[in-house]
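Visitor: coordinates only, no sequence provided:
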């Protein structure tokens, strides 16, 4: 008799995480002789801990197909980090208890660094408890900071969004610079790695075009050098457009925008560095400014998703199912770049233990010598990731996104007290 597969989404969602979910569910349905049902975790791994499972077999083929162009997390995501096996053994044992109760033999976890760590730990505890479970991580993060893969699903679409936004805002500010705003600052996501900030740099095809300055987490903020560059830019171009990472740090290594609170993963809560930078310019140089915080807009903009990103997200979801059926335990499908021009890629396999809790920063040769821009090597890497369009269908002028029924699987176990 065919066993069941459990799929869950974790961490901040993206424009294409549901595209991956579509790939997973469609591939699983094509292997009905091996896989019985796909159960999705309601709100990520919490759905497994609390036996709150969604029966995706009750969704029509059309609804699942529509996931391919729908943003957000269709089953709910979460920021919840399982601790070490010995420190929190009861949680891992509970996961196996739920999987056993619902005859789940495959666990596919779609997320970033912490999620790959969770999938790895679950594979370990299943082995210790002698439960036949195959664990596969599926990469997802707008931060593009997973190792062992050339790039991460979700990033290409965010990169396209911020590059387009910077290009359009730059044209706006340039139109008014002589008599009005001279400074535009856009704060983008990126706690430790400056990949999204770098992507904004794609909008500047000439030195006169926005953005003129990029501020990366990898480069300590030098106030004097920065202000001198802003002043020179305004004198030469009448305005200055800046993209800054939320994770910008000072020379002492401290985050400029740390609020003092932390999220469920223990990460510092950030926000407001864009305004800080803009007000610094106003105070020191006297220029009128506007600043923008795309926030969730940059990661949910499915209407302007990268075609490359959507294609890769879907392919990785399908490949994850194939790896699970093949019994490839504790692995992650990973993108390998074969060439830049023409852009070509394939899917390889990485070991979860090599991916978990590691971060891929911007290499120094991707950042200009002065620390305020990107190099040609960086452009060559980024460009293919934003190319191609994958528009959703529109009805009455708005995207036609799907809302699933998300009907629950009957519970059979006592409530989880952990």
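Guide: Thanks, I have the structure now. Because the structure is predicted, anything quoted here is derived from the model rather than measured. Numbers count the residues shown, from 1 in each chain.

Visitor: on the three-state scheme, residue 412 is what?
Guide: Assigned with DSSP: H, G, I helix; E, B strand; the rest coil, residue 412 falls in the coil class.

Visitor: what lies in contact with the helix or strand hosting residue 185?
Guide: If you go by DSSP states H and E, residue 185 is part of strand 183-188. Residues outside strand 183-188 that contact it (C-beta atoms under 8 Å, 6 or more residues apart in numbering): 162, 165-166, 169-170, 173, 196-197, 200, 210-211, 230, 234, 239-246, 272-275, 277-278, 281-282, 287-294, 298. C-beta here means a position set from N, CA and C on the backbone, and glycine is covered the same way.

Visitor: strands - which of the residues you listed land there?
Guide: 240, 241, 242, 243, 244, 245, 289, 290, 291, 292 (DSSP state E).

Visitor: distance check, the fourth one against residue 251.
Guide: The one in question is residue 243. Applying C-beta to C-beta, to the nearest Å, the value for residue 243 to residue 251 is 20 Å.

Visitor: filter the contacts of strand 183-188 to the buried ones?
Guide: Using 16 or more other C-beta atoms under 10 Å as the burial test, the contacts of strand 183-188 include 162, 165-166, 169-170, 173, 196-197, 200, 210-211, 230, 234, 239-246, 272-275, 277-278, 281, 287, 289-294, 298 as buried.

Visitor: residues contacting the nearest residue to residue 354 once chain neighbours are set aside?
Guide: In space, and not counting its chain neighbours, residue 354 is closest to residue 148: 5.5 Å by C-beta to C-beta, 6 or more residues apart in numbering. By C-beta under 8 Å, 6+ apart, the contact set of residue 148 is 332, 334, 350, 351, 354, 355.

Visitor: with residue 391 instead?
Guide: Contact partners of residue 391, counting by C-beta under 8 Å, 6+ apart, are 69, 303.

Visitor: need the phi and psi values for it.
Guide: As for residue 391, its main-chain torsions (degrees, to the nearest 10) stand at phi -70, psi 140.

Visitor: beta-bridge partners for residue 290, please?
Guide: Applying DSSP bridges to residue 290 gives these bridge partners: residue 184.

Visitor: any chance you could map the strands in the stretch 51-200 of the chain?
Guide: Taking DSSP state E, counting those that start in this stretch as the criterion, the stretch 51-200 of the chain carries its strands at 53-55, 104-111, 134-139, 183-188.

Visitor: show me how far the first one is from its chain's centre.
Guide: Meaning strand 53-55. 24 Å (C-alpha atoms, centre = their mean, to the nearest Å).

Visitor: return the set of buried residues in it.
Guide: Neighbour counts over strand 53-55 (16+ other C-beta under 10 Å) mark 53, 54, 55 as buried.

Visitor: separation between the second one and residue 237?
Guide: Pointing back at residue 54 there. Separation of residue 54 from residue 237 (C-beta to C-beta) stands at 53 Å.

Visitor: for residue 27, same thing?
Guide: Residue 27 is 50 Å from residue 237, where distance means C-beta to C-beta.

Visitor: of the two, who's got more company?
Guide: Legend: neighbour count by other C-beta atoms under 10 Å for residue 27 and residue 237, higher for residue 27 (21 against 17).

Visitor: kindly confirm whether my reading is correct that the more buried one touches residue 316.
Guide: No - Residue 27 is beyond contact range of residue 316, at 10.7 Å (criterion: C-beta atoms under 8 Å).

Visitor: show me the contacts for residue 362.
Guide: Counting by C-beta under 8 Å, 6+ apart, residue 362 has contacts 193, 194, 195, 198, 216, 218, 378.

Visitor: my read is that the fourth one contacts residue 382, right?
Guide: Yes - between residue 198 and residue 382 a contact is recorded at 6.4 Å, counting by C-beta under 8 Å.

Visitor: that concludes my questions; thank you for your assistance.
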